[in-house]
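Q: Provided below are the primary sequence and the corresponding predicted coordinates.
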Amino acid sequence: MRAARTRPAGRATLTAAVAATLALTAAAYPAAALSRTSAGPSITVVASGLDNPRGLNFGPDGVLYVAEAGRGGSGPCITGAQDQTFCLGPSGAVTAVSHGRQRRVVTGLPSLGTPNLSEVLGVHDVAATDGGLLIPIGLGTDPARRAQLGPGGAAIATLVKASGGRWRSIADLGAYESANDPDQGQPGTGPDSQPYAVLPEGKGALVVDAGANDLLRVRPGGRISTVAVFDVRPVPGPGGGEVPMHPVPTSVARGPDGALYVGQLTGFPFPVGGAGVWRLTPGQAPQVYASGFTNIVDIAFDRRGRLLVLEIAANGLLSGDPAGALYRVERDGTRTLIAGDGLFTPTGVAAGPDGAYYVSNRGTLAGTGEVLRIRG
């Protein structure tokens, strides 16, 4: 998926079209205010001072790992979607949270940020395996532009494995997109890679590429294949008529039934209620499992097999409102709002071994990002 330059972007992360939302978040909601416990769920801060925290997942040892996209750097720089300038720096990281303490266990990962940090791309997710941490690194534009970043940008648009504080690329998702472009032929598409979410699978992994509109399988040795491609569909445009809306998949989880579930952000015009969760089974096209959500940024299943759906902007990315929402979907399809107040551009959700839900909050801000523990 590539966003056309004549209209607001349809990418997986926030763009210039919603930069005002980020400014509103930073100015109006100090981080300290989010440590309050109000009527409804109990919300406490378990990690703070993070740089653009994104996906988060628990390891088998009960440690919570949090992806930090970072804050870019001094360059080299490239032109991304909407002609924005993104500059490279080794500010991406993974933070571990355990027993009330937090520390960065992986550092020096590549990060791309606009000069004013209105948008930062890079480390978007993390998952623990026996062999180390799996980390997808985002790009959000044509992979051909990656060469302009020089050697420091070689890991952009790849899947990285980290162990013992060291990391290396194990699969080049950007190169796969350049060579195959699985969603080609659909309206407004072109080479675009934005690896955004990862799910371990045996000795390999499944990776959602939000820019490419697909779900990929990575096998040992870096071999990549396409699992599913999600369709662009026409929706009413803000000025009348129809526009092609990209699906922008942002998350993947395996359900209690063994099927794969993929959540979508949606692209421009980011319609309220226009996002959903697909269910994928071998040999069948993706089927809509749950619909009527807005700008889904992450999904997960809790210990009882119930689906958690996190909205980065409950009123839509073009609303100027940074409030997010966390929903739970029961097995019979009924849904419950778990948390709304206190969530501001949340970007990741995980179910903890303690039965609580954990959310990356203020996930589009450098220095004031945090992780919330939510217990209803």
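A: Looks like it came in fine. Not measured: the values here are computed from a predicted model. Residues are numbered from 1 along each chain as shown.

Q: now do stretch 94-112: distance to the chain's middle.
A: From the chain centre to the centre of stretch 94-112 is a distance of 17 Å (C-alpha atoms, centre = their mean, to the nearest Å).

Q: so where's this protein shaky on pLDDT?
A: Scanning the chain for pLDDT under 70 picks out 1-39.

Q: and the helices in it?
A: 19-28, 173-180 (DSSP state H).

Q: which elements pack onto the last one?
A: Put plainly, it is helix 173-180. Helices and strands touching helix 173-180, as assessed by 3 or more C-beta pairs under 8 Å, 6 or more residues apart in numbering; DSSP states H and E, comprise strand 158-163, strand 204-209, strand 214-219, strand 223-229. For every residue, glycine as well, the C-beta is placed using N, CA and C.

Q: tell me which of these sits most buried.
A: Neighbour counts (mean count of other C-beta atoms under 10 Å) averaged over each of these peak at strand 204-209, with a mean of 26.

Q: who are the packing partners of it?
A: Counting contacts by 3+ C-beta pairs under 8 Å, 6+ apart, strand 204-209 is packed against helix 173-180, strand 195-201, strand 214-219, strand 249-254.

Q: tell me which residues in the longest one are buried?
A: Of the residues in helix 173-180, those scored as buried under the neighbour-count criterion (16 or more other C-beta atoms under 10 Å) are Leu173, Gly174, Ala175, Tyr176, Glu177, Ser178, Asn180.

Q: what angle sits between that helix and strand 195-201?
A: Interaxial angle, helix 173-180 versus strand 195-201 (axes from the mean of the first three to the mean of the last three C-alpha atoms, to 10 degrees): 100 degrees.

Q: shift numbering so it begins at 54
A: In the new numbering, first residue 54, that becomes helix 226-233.

Q: check what contacts helix 226-233 and list those residues.
A: 189, 192, 195-197, 199, 209-212, 244-246, 248, 260, 262, 264-265, 269, 271, 277, 279 (C-beta atoms under 8 Å, 6 or more residues apart in numbering).

Q: before we move on, what about the last one?
A: Taking contacts as C-beta under 8 Å, 6+ apart, the residues outside strand 302-307 that touch it are 65, 108, 249-252, 259-263, 266-268, 283, 313-318, 331, 349-354, 360.

Q: now with 6 Å, please.
A: Applying C-beta atoms under 6 Å, 6 or more residues apart in numbering, the set of residues contacting strand 302-307 from outside is 65, 249-250, 252, 259, 261, 263, 283, 313-318, 350-354.

Q: in contact with Ala353, which residues?
A: By C-beta under 6 Å, 6+ apart, the residues touching Ala353 are Ala306, Leu361, Val402, Ala403, Ala404.

Q: my read: Ala122 touches Glu172, true?
A: No - the criterion here is C-beta atoms under 6 Å, and Ala122 misses it with Glu172 at 9.5 Å.

Q: so which of the two has more stuff around it?
A: Under the neighbour definition other C-beta atoms under 10 Å, Ala122 and Glu172 were set side by side, and Ala122 has more, 34 against 27.

Q: gap between that one and Leu174?
A: To Leu174, Ala122 is 6 Å away according to C-beta to C-beta, to the nearest Å.

Q: same question for Asp394.
A: 29 Å.

Q: out of the two, which sits in the busier spot?
A: Between Asp394 and Leu174, Leu174 has the larger neighbour count (other C-beta under 10 Å), namely 31 against 14.

Q: which strand residues bridge that one?
A: For Leu174, the beta-bridge partners are Leu165 (DSSP bridges).

Q: now do the contacts for it.
A: Residues counted as contacts of Leu174 (C-beta under 6 Å, 6+ apart) are Leu165, Gly191, Gly193.

Q: out of the residues you listed, which end up buried?
A: With burial judged by 16+ other C-beta under 10 Å, the buried subset of these is Leu165, Gly191, Gly193.
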